[in-house]
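Engineer: sequence? don't have it. structure:
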């Protein structure tokens, strides 16, 4: 464990910064939402009920891959089952969960976010809504996993969002992208007498292919 301590300390700093960003960007209110990052066989998580602006390096909170606390004295987030379910079934290294307003609103209206924008391709395809279950439960974690099949983000009915990625930055960016798409659909759908034009599955598949070569080439 001692060899991992510098990595864990740096990861905790990044985790706290990401958690604070979710609050600053209006994706959570108060102590809602939670963030985690995996470092080796340890998962660092935000603690339950502690305002993000009060977290310090000494508040580092972590569990092993079985969910047993191995770092810190603060109680881990109540949504730990959801985070551990993601790490147990995907190659994710980070998870961001928020109560973003527009995304949560969409989760109460449809079983899947309509294909309003091609960036759904960056999340693996049409974003599904996981059926409602009480927070912190294995039932919610199971519903979430089914909605995440083949995806990197999903909506939680009457609850919020979950996104994962290879880094905290990627998981956060996917969260923000999902919230933006939900806001876009709600805005377009609210125009009286008009129905938003949606993309077809074929159009989305074309974008998925194009995204394979997006960005700068590897050095």
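Structural biologist: That came in fine, so what should we check first? The shown structure was predicted, so the numbers you read here are calculated from the model rather than taken from an experiment.
Engineer: Need the nearest residue in space to residue 65, chain neighbours excluded.
Structural biologist: Excluding the flanking residues, the one nearest residue 65 by CB to CB, 6 or more residues apart in numbering is residue 41, at 5.5 Å. In short, each C-beta sits where N, CA and C put it, glycine included.
Engineer: correct me, but the one you found touches residue 62?
Structural biologist: No - applying CB atoms under 8 Å as the test, residue 41 and residue 62 come out as separate, 10.1 Å apart.
Engineer: For these two, indicate the residue with more neighbours.
Structural biologist: residue 62 (22 against 11; other CB atoms under 10 Å).
Engineer: Now do the contacts for that one.
Structural biologist: Applying CB atoms under 8 Å, 6 or more residues apart in numbering, we find residue 62 in contact with 8, 42-45, 69-72.
Engineer: Widest-spaced pair of those residues?
Structural biologist: Taking CB to CB as the measure, the contacts of residue 62 span a maximum distance of 13.9 Å, between 8 and 69.
Engineer: which of those two has more neighbours?
Structural biologist: Set side by side, residue 8 and residue 69 show more neighbours around residue 8, with 18 against 15, by other CB under 10 Å.
Engineer: just checking, the more buried one is part of a helix?
Structural biologist: Yes - assessed by DSSP: H, G, I helix; E, B strand; the rest coil, residue 8 belongs to a helix.
Engineer: Quick check: pLDDT value at it.
Structural biologist: Residue 8 carries a pLDDT score of 96 in this model.
Engineer: Out of the contacts of residue 62, which end up buried?
Structural biologist: Neighbour counting by 16 or more other CB atoms under 10 Å classes 8, 42-45, 71-72 among those as buried.
Engineer: who's in contact with residue 127?
Structural biologist: Going by CB under 8 Å, 6+ apart, the list of residues near residue 127 reads 112-113, 120, 151, 153-155, 178, 181.
Engineer: Which of the residues you listed fall within strands?
Structural biologist: Counting by DSSP state E, the contacts of residue 127 place 153-155 in strands.
Engineer: how close does the residue nearest to residue 65 get to residue 63?
Structural biologist: For residue 41, the distance to residue 63 (CB to CB, to the nearest Å) stands at 10 Å.
Engineer: ok, the residue nearest the centre of the chain - contacts?
Structural biologist: If you average the C-alpha coordinates of the chain and look for the closest C-alpha using CA atoms, centre = their mean, you land on residue 163, 2.4 Å from that point. The neighbourhood of residue 163, defined by CB under 8 Å, 6+ apart, consists of 95-96, 123, 152-153, 171-172, 174-175, 178.
Engineer: ok, now with 10 Å
Structural biologist: 86, 92, 94-98, 123, 127, 148, 151-154, 170-179 (CB atoms under 10 Å, 6 or more residues apart in numbering).
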